[in-house]
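Enquirer: Need coordinates for the below:
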Amino acid sequence: MGNTIRLTAAQAMVKWLSVQMTEAGERYIDGMWAIFGHGNVAGIGEALHAYQDVFPTWRGQNEQTMAHTAIAYAKTMKRTRAMAVTSSIGPGSTNVVTAAALAHVNRLPLLIVAGDVFANRRPEPVLQQVEDFDDGTVSANDCFKPVSRYFDRITRPEQIMYALPRALRTMTDPANCGPATLAFCQDVQAEAYDYPAEFFEPRVWRIRRPAPDTGELARVAEAIKGAKNPVIIAGGGVIYSQAESELAAFAEKHNIPVSETQAGKSALPTSHPMAFGASGVDGSAASNAVAETADVVIGIGTRFQDFTTGSRTLFREDAKLISINIHGYDANKHGAESLVADAKIALQMLGESLGDYRADACDPEQRIDWLRAVDAYCARPDDQDA
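Expert: Prediction:
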């Protein structure tokens, strides 16, 4: 056999995480948020202490808030980096479930390492263990299953060699991105194993940028060319694809106003001449006005959820929906004409296909009137008196 390194399963996990890198040469999992207690202190806690020089630990005061912080970090880093959280068994784990649901809904990466029951079941029941009368395999961590993109229960130390790469593959997949949960049995965390040395060699995780299908691209381009007053709804996918400059160039060249979802805020700066503000229930007057008259609605990296679309009442009944999204599930919502692709690549290729097409129905005055109304409403009393 080749060279091996004898470590506890928890030590091996932390050592492995410390060498998972981005293309920019940074650690992909930038440390772990932790509240230590029954189920994670003796195994994961010891391992994090042992590798504190190469993998940082941050102490939280509430499991949900530390997971929300990790999600905010991933969003700020445009999904190029993420964080992990670890919790004790029982209420410590279930406190993370709400945050896991948030990450799941918003397609944001989060690694959850939850303490679990003893795999050998000898000290059963343990403190705060959920006892299912009919299923001996159930633990509190089963709550994570519907809100995790990947779920695994680690009952043997060698299983992390397969579970960890699968977790990060999910987190770095632009289509299936979301929370990955490892329910880590507390006795297994402290169990030693001879791991292959190559398991700990640094690995670079690359985020794919799939190009659109040529047939879908042609159909979408044809639909836009036939539009007189199209509108763009820019979602978080624009930001995660780092396609802000491509969106600005596309909208300006083709004279198409841009509305933004909550996740897509700042996809265009407010100062951009085609930025009409937020869309839908909490949208701007300018944005909703152009959406109500649009004959073609072009969603880019958006899920077309109820706030964005006013529960699908914001657009004309005969308006044609186009959805540019990296996941086919989202791209086909509301019967939209789909273009499954990375937003950055799609905008580049779609711009080439449209050539000199330019919509002529956009009225920049609608945007200016809205900005003036906002300025007047937000002005301080002494400014209004001046």
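
Enquirer: If you tally nearby residues, what's the number for V41?
Expert: Summarising burial for V41: neighbours were counted as other Cβ atoms under 10 Å, giving 18. (Each C-beta comes from the backbone N, C-alpha and C, glycine too.)

Enquirer: Report the separation between the most centrally placed residue in the chain and S266.
Expert: In the chain, the centroid-proximal residue (Cα atoms, centre = their mean) is L108; its distance is 1.8 Å. L108 sits at a distance of 16 Å from S266 (criterion: Cβ to Cβ, to the nearest Å).

Enquirer: Same check on I233?
Expert: In this structure, I233 and S266 are 15 Å apart, going by Cβ to Cβ.

Enquirer: G92 against D116, yeah?
Expert: No: in terms of Cβ atoms under 8 Å, G92 does not count as a neighbour of D116; the distance is 11.0 Å.

Enquirer: Find the residues that touch each one of these two.
Expert: The overlap between the contact sets of G92 and D116 (Cβ atoms under 8 Å, 6 or more residues apart in numbering) consists of G39.

Enquirer: higher neighbour count, these two?
Expert: Set side by side, G92 and D116 show more neighbours around D116, with 28 against 21, by other Cβ under 10 Å.

Enquirer: For the more buried one, list the residues it contacts.
Expert: D116 sits in contact with 39, 89, 139, 141, 153-154, 183-186, where contact means Cβ under 8 Å, 6+ apart.

Enquirer: and with 6 Å instead?
Expert: For D116, the contacting residues are 139, 141, 183-185, by Cβ atoms under 6 Å, 6 or more residues apart in numbering.

Enquirer: That one pairs with what?
Expert: In this structure, D116 has beta-bridge partners C185, where bridges are defined by DSSP bridges.

Enquirer: one step back: what about I233 and S266, which has more around it?
Expert: When I233 and S266 are compared for neighbours, I233 comes out ahead with 31 against 12, by other Cβ under 10 Å.

Enquirer: How much space separates the closest residue to the more buried one other than its chain neighbours from H272?
Expert: Distance criterion Cβ to Cβ, 6 or more residues apart in numbering; nearest residue to I233, sequence neighbours excluded, is G299 at 4.7 Å. Relative to H272, G299 is positioned 19 Å away (Cβ to Cβ).

Enquirer: all strands for the stretch 151-300 of the chain, in order.
Expert: 179-185, 192-196, 203-204, 231-234, 258-260, 275-278, 296-300 (DSSP state E, counting those that start in this stretch).

Enquirer: The fifth one: how far from the chain's middle?
Expert: How far strand 258-260 lies from its chain's middle: 20 Å, per Cα atoms, centre = their mean, to the nearest Å.

Enquirer: Pairing partners for it, with directions?
Expert: For strand 258-260, the paired strands and their directions (DSSP bridges) are strand 231-234 (parallel), strand 275-278 (parallel).

Enquirer: re the thing from before, the residue nearest to I233 contacts V231, doesn't it?
Expert: No: taking contacts as Cβ atoms under 6 Å, G299 lies outside contact range of V231: 9.8 Å.

Enquirer: Format the CA atom coordinates belonging to stretch 147-162 as PDB.
Expert: Coordinates of each C-alpha in stretch 147-162 appear next as PDB, following Å, rounded to 0.1, in the frame of the first residue of the first chain:
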ATOM      1  CA  VAL A 147     -33.500  21.400   2.900                       C
ATOM      2  CA  SER A 148     -30.100  20.000   1.800                       C
ATOM      3  CA  ARG A 149     -28.900  19.600  -1.700                       C
ATOM      4  CA  TYR A 150     -26.700  16.800  -0.400                       C
ATOM      5  CA  PHE A 151     -27.100  14.800   2.800                       C
ATOM      6  CA  ASP A 152     -25.000  12.100   4.200                       C
ATOM      7  CA  ARG A 153     -24.600  10.400   7.600                       C
ATOM      8  CA  ILE A 154     -21.100   9.400   8.500                       C
ATOM      9  CA  THR A 155     -21.100   6.100  10.300                       C
ATOM     10  CA  ARG A 156     -17.600   4.900   9.400                       C
ATOM     11  CA  PRO A 157     -14.400   7.000   9.400                       C
ATOM     12  CA  GLU A 158     -13.400   6.100   5.800                       C
ATOM     13  CA  GLN A 159     -16.800   7.400   4.500                       C
ATOM     14  CA  ILE A 160     -15.500  11.000   4.600                       C
ATOM     15  CA  MET A 161     -13.300  10.200   1.700                       C
ATOM     16  CA  TYR A 162     -16.400   9.900  -0.500                       C
END
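
Enquirer: who touches it?
Expert: Counting by Cβ under 6 Å, 6+ apart, stretch 147-162 makes contact with 9, 13, 100-101, 104, 119, 144-145, 163, 166-167, 170, 176, 178-185, 188, 191, 193, 199, all of which sit outside it.
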